[in-house]
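K.L.:
using only what follows, build the 3D model:
(chains A and B)
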Amino acid sequence: AQTVTQSQPEMSVQEAETVTLSCTYDTSESDYYLFWYKQPPSRQMILVIRQEAYKQQNATENRFSVNFQKAAKSFSLKISDSQLGDAAMYFCAYRSASRGSNYKLTFGKGTLLTVNP
Amino acid sequence: DAGVIQSPRHEVTEMGQEVTLRCKPISGHNSLFWYRQTMMRGLELLIYFNNNVPIDDSGMPEDRFSAKMPNASFSTLKIQPSEPRDSAVYFCASSLAEGPTNEKLFFGSGTQLSVL
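P.N.:
Okay, here's the model as predicted:
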């Protein structure tokens, strides 16, 4: 079974600075998808960014980018120019690309990000 | 579109009572998921429907839990009888599974369940 590990329960960053959240995963599959979700205090789970394992290029979405290291099974999220609205719980998630996977997402335990003004 | 709509937002009940959580997926989506979030276990998939049919219910903790999807626009998750250890946030999510590369999961705001 796949597992997702987020080793940083909490992180903090100064407004306008850059922060990197770590995520590692364990899988025997070669094709899969990785995601970062944001959960603000409103509880809404919001997709931040997604990466397909067969793509070598790291995904970017405005101030959010990932460092995908397939051999190391690492998928970190970098937030540049941090804003107060970025404060939230961030979850890393894995999904198999296998058609038998039923699109099940496996989540890490999350990292609570605090942004200091 | 209003997104995935869950009700109620909060539910407080006593042990032994029946609890029903409701979900309206995004119109046109053909896949629906129920997740449970707790501090100890994080986010866990309980059950997954595709085209209103339950495909994977291996995450349903025990027989006290049941889920239905009578039509494409409505699903329920029922706990009977409820127990204090069922206290958690329950999320519903939907997606349009045109294929693995096109799926994007949309979550509702969750139901905070407290069983006393």
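
K.L.:
list the contacts of the lowest-mean-pLDDT helix or strand in chain A.
P.N.:
One helix or strand of chain A scores below all others by mean pLDDT, DSSP states H and E: strand A:105-107, with a mean of 89. With contacts defined as CB atoms under 8 Å, 6 or more residues apart in numbering or on different chains, strand A:105-107 is touched by A:1-4, A:35, A:37, A:91-95, B:33, B:42-43, B:45, B:105. The C-beta positions use only the backbone N, C-alpha and C, and glycine is treated the same way.

K.L.:
now stretch B:38-51, how far from the centre of its chain.
P.N.:
Put simply, stretch B:38-51 sits 8 Å off its chain's centre (CA atoms, centre = their mean, to the nearest Å).

K.L.:
residue contacts, the residue in chain B that chain A sits nearest to?
P.N.:
Among all residues of chain B, B:Phe107 sits closest to chain A, at 3.7 Å; criterion: CB to the nearest CB. Neighbour list for B:Phe107: A:44-46, B:4, B:35, B:91-93 [criterion: CB under 8 Å, 6+ apart].

K.L.:
nearest to B:Ser27 among the residues you listed?
P.N.:
B:Ser27 has its nearest neighbour among the contacts of B:Phe107 in B:Val4, at 10.4 Å by CB to CB.

K.L.:
just checking, that closest one touches B:Ile26?
P.N.:
Yes - B:Val4 is within contact range of B:Ile26, at 5.9 Å (criterion: CB atoms under 8 Å).

K.L.:
any common contacting residues for those two?
P.N.:
B:94, B:106.

K.L.:
neighbour count winner among those two?
P.N.:
Remark: of B:Val4 and B:Ile26, B:Val4 carries more neighbours, 25 against 18, as counted by other CB atoms under 10 Å in any protein chain shown.

K.L.:
quick check: which ranges of the chain have low pLDDT?
P.N.:
Looking at chain A here, since you left the chain open. Residue ranges of chain A with pLDDT under 70: A:99-103.

K.L.:
could you do chain B instead?
P.N.:
B:1, B:97-103.

K.L.:
middle-most residue in it, spatially?
P.N.:
B:Trp34 (2.9 Å; CA atoms, centre = their mean).

K.L.:
ok so, going back, state the phi and psi torsions of the residue of chain B closest to chain A.
P.N.:
phi -100, psi 150 (degrees, to the nearest 10).

K.L.:
need the contact list for the closest residue in space to it that isn't next to it in sequence.
P.N.:
Distances taken as CB to CB, 6 or more residues apart in numbering or on different chains place A:Met45 nearest to B:Phe107, at 3.7 Å, with adjacent residues excluded. Contacts here follow CB under 8 Å, 6+ apart; on that basis A:Met45 touches A:37-39, A:91, B:91, B:93, B:107.

K.L.:
what of A:Ser7?
P.N.:
Per CB under 8 Å, 6+ apart, neighbours of A:Ser7: A:22, A:24.
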